[in-house]
Each structure stands twice: as structure tokens, then as C-alpha cells.
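> Quick one: sequence plus predicted model below, questions after.
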Amino acid sequence: MNRTSTKAALIFPAFLLGAATATAQDLYVYPKNGQSAEQTDKDKYECYNWAKNDSGFDPMAAPTTTTAKPSGQKKEYTAVKGGLGGAAIGGLLSGKKGAKKGALAGGLIGGVSQYSHNKEIQSQKSQWKQQESANYANNRNNYNRAYAACLEGRGYSVK
């Protein structure tokens, strides 16, 4: 084995033990039966794997979404398009004066439509974020319960 491989072989298991300990950052674990630090680390790592497999949640993995993000796009330049359309229609019907009034009315209607559409898209995205946050919290809670049950079964106090 070359030097880099040897270092990696030594560091990787230590990283895994540290990672297993870091996953339960919300929980305090105390050995009730006088378990050594090494045994505690081993038990934490094994319980991390068990809880991850049992709950389907890995606190060490990057968070993922359970549903697709709303795909709505904001409308742009609807007021300008409405104004141009209104000017064209007003101009055809009533000449220059009609074009001015049509542009104003079309711009106003287009602007209101654009605002309303963009507000709805923003609301959908906000609801989606809240739902995904709640899903993550629920999955994390299920993992923590499984992790605590495993450690308690091995003689630890978990709070």
C-alpha cells in the first residue's frame, strides 16, 4: 500500500465514527453501564447505520426534496404587452385619442394580471418550501427515534 492509501485506510474509519457521532447532534448519549469511549463510538456508529436503514433517512446526506418544485415562471412585460395591444385596438377603433386610452387601459389590465400571476407563483413556492421543511423535520424525527431506541437497547441513556 502506498502512503496515501495507508492514510486513507486509517482516516476513513475514524471519519465514519465521527460522522455517526455528529448525526445525533440533537441527542445526548450517556453510557449507563460503564461502556468505554471506544465501545460508545462503536455503538453509536452501528446505531447510526441501523436507524438510517430503518427510517430511510440519512442525516449525513444532503437534504433532498420529496416533491418537484413548482415550475411556474413569473410573467414579465405583461403591462407593456397589454399597453401595446390596447393602443393597437384603441387606434383602430378611435384614432390617436383611442390609442392613448387603449394603451393606458391595456397597460393597467396587463400590469394587474402580471402582479396577480406572480403573486400566485410566489405563494405556491412558499407553500412548497414549508411542506418540504415539514417533511424533512418529520424524517429527521423518525431517524432520531430509531437511533435513540437502538442506543437505549444497548444500555445508554438518550435525551
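It's in. Numbers count the residues shown, from 1 in each chain.
> Give the next helix or strand downstream of the lengthiest helix in the chain.
Longest helix in the chain, counting residues (DSSP state H): helix 78-153. Beyond helix 78-153 on the C-terminal side, the first helix or strand identified by DSSP states H and E is strand 156-158.
> buried set for that following strand?
156, 158 (16 or more other CB atoms under 10 Å). Every residue, glycine included, has its C-beta placed from N, CA and C.
> and that strand, which strands flank it?
According to DSSP bridges, strand 156-158 has the following sheet partners: strand 29-31 (antiparallel).
> pLDDT averaged over the strand it pairs with, what's the number?
If you average the pLDDT over strand 29-31, you get 95.
> how about the helix or strand following that strand: buried residues?
Secondary structure here is assigned by DSSP H and E; on that basis, the next helix or strand after strand 29-31 toward the C-terminus is helix 37-55. Judged by neighbour count (16+ other CB under 10 Å), helix 37-55 contains these buried residues: 40-41, 43-45, 47-48, 50-52, 54-55.
> one step back: what angle sits between the longest helix of the chain and helix 37-55?
130 degrees (axes from the mean of the first three to the mean of the last three CA atoms, to 10 degrees).
> on contacts alone, who are the packing partners of helix 78-153?
Counting by 3 or more CB pairs under 8 Å, 6 or more residues apart in numbering; DSSP states H and E, the packing neighbours recorded for helix 78-153 are helix 37-55, strand 156-158.
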